[in-house]
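Colleague: coordinates for the following, if possible.
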Amino acid sequence: MKNALLYADDPGGANYLAALPDAITKAGVHSHFFVAPYLEGFARDRGYNASPLIPDVAPETLLADIDLLLVGTSDIRDCYAHRLTTAAKSIAIPSVGVVDMAVNAEHRFCGTSSDPLRYAPDWLILPDKLSVDIYNHLGFRDDRIALCGHPHYDIVRNRKTELQNQNRKRLRDKVFPAAPTNRPIWLFLAEGRDVLNPHLNFRTDDYTLHGRGDSNFRACILLEEVVDIGRTFTPQPWIALRPHPKSDLQDFAPILADVDNINQGGDPLEAIWSADLIIGMATMLLMETLLLGRPHVGILPRVAETYQLVTLQAGVSPVATTQADLRHLLTSPPAINKSAADSLLPPGALNRVIAIIKTILSLPN
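Modeller: As a prediction, this is how the structure comes out:
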């Protein structure tokens with residue numbers, strides 16, 4: 001039996017790889033799935049069968065008797081995945097990088113160098129056409145790029161079926177026990193800090209949403225806009241903040257006193273299903289909200305950033321970049337176009353990924 005090593009430094013990579021171990025096993029390939037130590041709780045909350053990486057273990061140790069390496073991409077310049085890919089190439093083990101979204105493509109494999117493909121693996125598995133175009137432009141071999149979609153999308157679709165069979169009021173009481181029954185729940189989905197481009201975490205002169213002026217941190221600015229507009233609604237929404245796993249709550253210090261709840265840990269899909277309206281930055285959870293069919297609004301500080309999420313760029317999810325847009329969308333969030341969502345985020349990604357893995361390992365399809 002062939003052996004595959006799966007590793008993720010980042011929540012996005014972990015989400016992409018999570019469905020692979022069972023499917024790979026059914027294809028006749030034994031797998032070992034590791035995540036960075038700080039992702040242990042993240043993986044546990046989502047039920048992923050992943051083990052935390054033992055600190056300081058040599059890449060060559062993990063690669064012993066391995067026939068294929070699959071790594072998630074990361075915004076950590078000196079990440080362990082780069083060490084694994086380098087070691088795999090030195091001993092002729094084929095390597096595959098899975099990419100969860102197009103944003104920051106030029107920085108995912110550069111490490112501390114200026115070469116966008118310095119630590120690129122032998123193959124890339126990509127989620128959408130936008131990502132394919134970007135990596136082609138960066139110079140990655142076209143015959144080593146596989147457009148597969150994202151296996152996590154199908155996990156979310158399956159979870160939707162499960163959640164539809166639950167009593168939503170009971171789930172709301174479980175996830176948000178302090179929420180008053182006579183106020184709608186608004187759930188704000190924050191982005192994590194951009195480690196590759198730290199300056200993008202802060203206000204620039206071309207912002208069209210400005211917050212209260214007491215913070216330059218982009219996620220705090222946008223949350224302030226949501227909270228202040230929410231105060232004009234009757235009944236006032238009960239607002240919960242869902243920080244990104246890489247968020248620091250201190251970044252939200254100016255607004256925390258005006259937020260009703262901090263929704264950390266646990267299953268984020270239960271929180272999304274329980275809330276009445278989801279307001280999200282360019283985060284994977286906003287795409288998951290679309291797939292769950294829950295009312296939602298994207299929010300960004302300037303229209304030029306809509307490229308960061310393919311669903312915002314395509315207009316499948318609505319996005320506000322001004323106060324007028326935000327007020328309008330919060331008042332009347334548009335209905336979800338399921339057929340457009342399925343066209344943009346097609347089902348069946350896992351089967352396509354497994355077919356590529358079989359091809360690389362010379363296994364019959």
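Colleague: what secondary structure does the residue nearest to Leu20 when sequence neighbours are not counted sit in?
Modeller: In this structure, Leu20 finds its nearest non-sequential neighbour in Leu6, 6.1 Å apart by C-beta to C-beta, 6 or more residues apart in numbering. Using the backbone N, CA and C atoms, a C-beta is placed for each residue, glycine as well. Three-state assignment for Leu6 (DSSP: H, G, I helix; E, B strand; the rest coil): strand.
Colleague: and Leu6, how many neighbours?
Modeller: Counted with other C-beta atoms under 10 Å, the neighbours of Leu6 add up to 25.
Colleague: how about it, what does it touch?
Modeller: Leu6 makes contact with Leu17, Leu20, Pro21, Ser31, His32, Phe33, Phe34, Leu70, Val71, according to C-beta atoms under 8 Å, 6 or more residues apart in numbering.
Colleague: touching, the first one and Val98? I think so.
Modeller: Yes - assessed by C-beta atoms under 8 Å, Leu17 is found in contact with Val98 at 6.3 Å.
Colleague: thought Ala179 was touching Asn261?
Modeller: Yes - between Ala179 and Asn261 there is a contact at 7.2 Å, judged by C-beta under 8 Å.
Colleague: the two: which has the busier surroundings?
Modeller: Ala179 (21 against 18).
Colleague: and the more buried one, helix, strand or coil?
Modeller: coil.
Colleague: ok, for it, nearest residue in space, not its chain neighbours?
Modeller: Leaving aside its chain neighbours, Ala179 sits nearest to Trp238 (4.9 Å; criterion: C-beta to C-beta, 6+ apart).
Colleague: ok, Asn136 next?
Modeller: Using C-beta to C-beta, 6+ apart and skipping residues adjacent in sequence, the residue nearest Asn136 is Asp142, 5.8 Å away.
Colleague: likewise for Thr331?
Modeller: Excluding the flanking residues, the one nearest Thr331 by C-beta to C-beta, 6+ apart is Phe233, at 8.0 Å.
Colleague: from Trp273, how far out is the one you found?
Modeller: Distance of Phe233 to Trp273, computed by C-beta to C-beta, to the nearest Å: 22 Å.
Colleague: residues in contact with Ser215?
Modeller: Ser215 sits next to Ile221, Glu224, Ala253, Pro254, Ile255 when contact means C-beta under 8 Å, 6+ apart.
Colleague: out of the residues you listed, who has the most neighbours?
Modeller: Ile255 leads these on contacts (other C-beta under 10 Å) with 26 neighbours.
Colleague: how about the contacts made by it?
Modeller: Going by C-beta under 8 Å, 6+ apart, Ile255 touches Arg212, Ser215, Cys220, Leu223, Glu224, Val227.
Colleague: mind putting these into TSV with pLDDT, distance to Pro94 and secondary structure?
Modeller: Output for the contacts of Ile255, formatted as TSV (pLDDT from 0 to 100; distance: C-beta to C-beta, whole Å; DSSP: H, G, I helix; E, B strand; the rest coil):
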residue	pLDDT	distance to Pro94	secondary structure
Arg212	97	52	coil
Ser215	96	46	coil
Cys220	97	43	helix
Leu223	98	44	helix
Glu224	98	48	helix
Val227	98	49	helix
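Colleague: around the residue nearest to Ala179, count how many other residues there are.
Modeller: Neighbours of Trp238 under the rule other C-beta under 10 Å: 22.
Colleague: partners of it in the sheet?
Modeller: Listed beta-bridge partners, Trp238: Ile185 (assigned using DSSP bridges).
Colleague: for it, give its distance to Arg46.
Modeller: According to C-beta to C-beta, Trp238 and Arg46 sit 25 Å apart.
Colleague: quick check: Arg157 touching Leu290?
Modeller: No - shown here, Arg157 and Leu290 do not form a contact pair, counting by C-beta under 8 Å, at 10.9 Å.
Colleague: so which of the two has more stuff around it?
Modeller: For Arg157 versus Leu290, neighbours defined as other C-beta under 10 Å are more numerous around Leu290 (27 against 16).
Colleague: in a helix, that one, correct?
Modeller: Yes - Leu290 forms part of a helix when assessed by three-state DSSP.
Colleague: which ones are touching the spatially most central residue of the chain?
Modeller: Residue closest to the average C-alpha location in the chain (C-alpha atoms, centre = their mean): Met284, at 3.2 Å. The contact partners of Met284, taken as C-beta under 8 Å, 6+ apart, are Pro11, Gly12, Asn15, Asp100, Met101, His152.
Colleague: can you count the residues close to the second one?
Modeller: It stands for Gly12. 25.
Colleague: ok, it to Gly213 distance?
Modeller: Taking C-beta to C-beta as the measure, Gly12 falls 32 Å from Gly213.
Colleague: please apply the same query to the fifth one.
Modeller: Met101 sits at a distance of 31 Å from Gly213 (criterion: C-beta to C-beta).
Colleague: between these two, tell me which one has more neighbours.
Modeller: Neighbour count, other C-beta under 10 Å: between Met101 and Gly213, Met101 has more, with 23 against 10.
Colleague: that one is in contact with Gly12, isn't it?
Modeller: Yes - counting by C-beta under 8 Å, Met101 touches Gly12, with 6.8 Å between them.
Colleague: I'd assumed Arg77 was in a strand, is it?
Modeller: No - the assignment for Arg77 is coil, going by three-state DSSP, so no strand is present there.
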